[in-house]
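1. build me a model:
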Amino acid sequence: MLTELFQHYQQRSLVHQLDPRAKIAWVVAISLLAMSLGDARLLGLLSAIALAPWAAARPPLRRLKALLAILTAALVGTMLTQGVFYSWEPRTPLMTLLSPSVPVFGTITGGVHVYREGLIYGAVQSLRFLSAIAAGMLIVLTTHPGDLLLAATRLKLPARFAFMLTVALRFLPLMIEETQRTLVAQQVRGVRLRGVRNMTRGLLRALVPLVVGALRRSRQLALAAEARAYTGERSSVKELRFRGRDWAVIALVGVLVVAGAAALYGGFGARPAGVY
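-> So this is what the prediction gives:
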């Protein structure tokens, strides 16, 4: 299921038909606003805006469930960890996990509490992550790697950089799939992978064949590019043209950037001093 999250799927949807350059502008705008805004309400609104195009993209249910599971785990995990390990002042304890009166550990740690400000801080950070990941995953799933490479070239990015970016997007699903096969092979041989300790050992054992496989594929790719006399420049039969829907996305991007700048200028999206 994780492999499918990084693989393009074909669909006749509005998002699939958009020019890749418009999608790139969308991702850049969402990412910049996610880094700039500091108000939890604005970040929540930004996350909702970043997730809205998924309804038009009509992804397979399996991929949508996997994405929601990852985003939910990131949201809850970040809030809980920041709620416990928040160290700035002021701090308002909401729950005590370990009382300071407990011998040894309570005395050493001074008590373990869940702080209100830490939960808010974790929510803000996870909303940043959620909005950026939702926008980035959308362009990966709805854009063919060849179209993404062509768009990067049209945007005057260095051809070799665009090529490496496209290759990385193609290699990531292969690495995940090979990791899963290696772990299954270990289980077939009787290796127990249940529990954090056993799973860590299994991943460490899988590291060597994964690195060797990655080096082998890299060498094969380099030889294939050299055999085809690839120099970074490429021609394409397909041409990218902006249409009305693409200009509408660019206009929406402009509105988002202006609204975000207005919120920052007015202090509504600024980060409270001493907290972020």
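
2. measure residue 195 to residue 201 for me?
-> 10 Å (CB to CB, to the nearest Å). Where you see a C-beta, it was placed from the backbone N, CA and C, and this is true even at glycine.

3. between these two, who's got more neighbours?
-> residue 201 (15 against 9; other CB atoms under 10 Å).

4. check contacts around the more buried one.
-> Under the criterion of CB atoms under 8 Å, 6 or more residues apart in numbering, residue 201 has no contact partners.

5. where in the protein is pLDDT low?
-> Low-confidence segments of the chain (pLDDT under 70): 1-6, 105-106, 229-237, 266-276.

6. find the residue closest to the most centrally placed residue in the chain in space, skipping its chain neighbours.
-> Of all residues in the chain, the one closest to the mean position by CA atoms, centre = their mean is residue 133, 3.3 Å from it. Distance criterion CB to CB, 6 or more residues apart in numbering; nearest residue to residue 133, sequence neighbours excluded, is residue 71 at 6.8 Å.

7. hang on, isn't that neighbour packed against residue 132?
-> No. If you go by CB atoms under 8 Å, residue 71 and residue 132 don't touch, sitting 11.0 Å apart.

8. give me the neighbour count for residue 224.
-> Neighbours of residue 224 (other CB under 10 Å): 10.

9. where does it land in three-state SS?
-> Following DSSP: H, G, I helix; E, B strand; the rest coil, residue 224 is assigned to helix.

10. how far away is it from residue 173?
-> Taken as CB to CB, the span from residue 224 to residue 173 is 19 Å.

11. same check on residue 19?
-> Counting by CB to CB, the gap from residue 19 to residue 173 is 24 Å.

12. neighbour count: these two, which is higher?
-> Neighbour totals were compared for residue 19 and residue 173, and residue 19 leads with 21 against 17 (other CB under 10 Å).

13. please report phi then psi for the more buried one.
-> The phi/psi pair for residue 19 (degrees, to the nearest 10) reads phi -70, psi 130.

14. next one: residue 193
-> phi -110, psi 10.

15. list the helices and strands the lengthiest strand in the chain packs on?
-> Using DSSP state E to define each element, the chain has its longest strand at strand 93-98. Helices and strands touching strand 93-98, by 3 or more CB pairs under 8 Å, 6 or more residues apart in numbering; DSSP states H and E, are helix 105-109, strand 112-115, helix 116-142.

16. now do 10 Å
-> Other elements packing on strand 93-98 under the criterion 3 or more CB pairs under 10 Å, 6 or more residues apart in numbering; DSSP states H and E are helix 61-85, helix 105-109, strand 112-115, helix 116-142.

17. can you get me a residue count around residue 190?
-> 6.

18. residues in contact with the nearest residue to residue 129 once chain neighbours are set aside?
-> Leaving aside its sequence neighbours, residue 129 sits nearest to residue 74 (CB to CB, 6+ apart; 5.7 Å). By CB atoms under 10 Å, 6 or more residues apart in numbering, residue 74 lies in contact with 125-126, 129-130, 133.

19. ok, now how distant is residue 179 from residue 203?
-> 8 Å.

20. so these two - more neighbours on which side?
-> residue 179 (19 against 15).

21. how about the helix or strand hosting the more buried one: buried residues?
-> In this assignment (DSSP states H and E), residue 179 forms part of helix 159-188. Buried positions in helix 159-188, judged by neighbour count with 16 or more other CB atoms under 10 Å: 159, 162-163, 166-167, 169, 172-173, 175-176, 178-179, 182-183, 186.

22. what two of these are the furthest from one another?
-> Farthest apart among the buried residues of helix 159-188 by CB to CB are 159 and 186. That separation is 40.6 Å.

23. name the SS class of residue 38, please.
-> Per three-state DSSP, residue 38 ends up coil.
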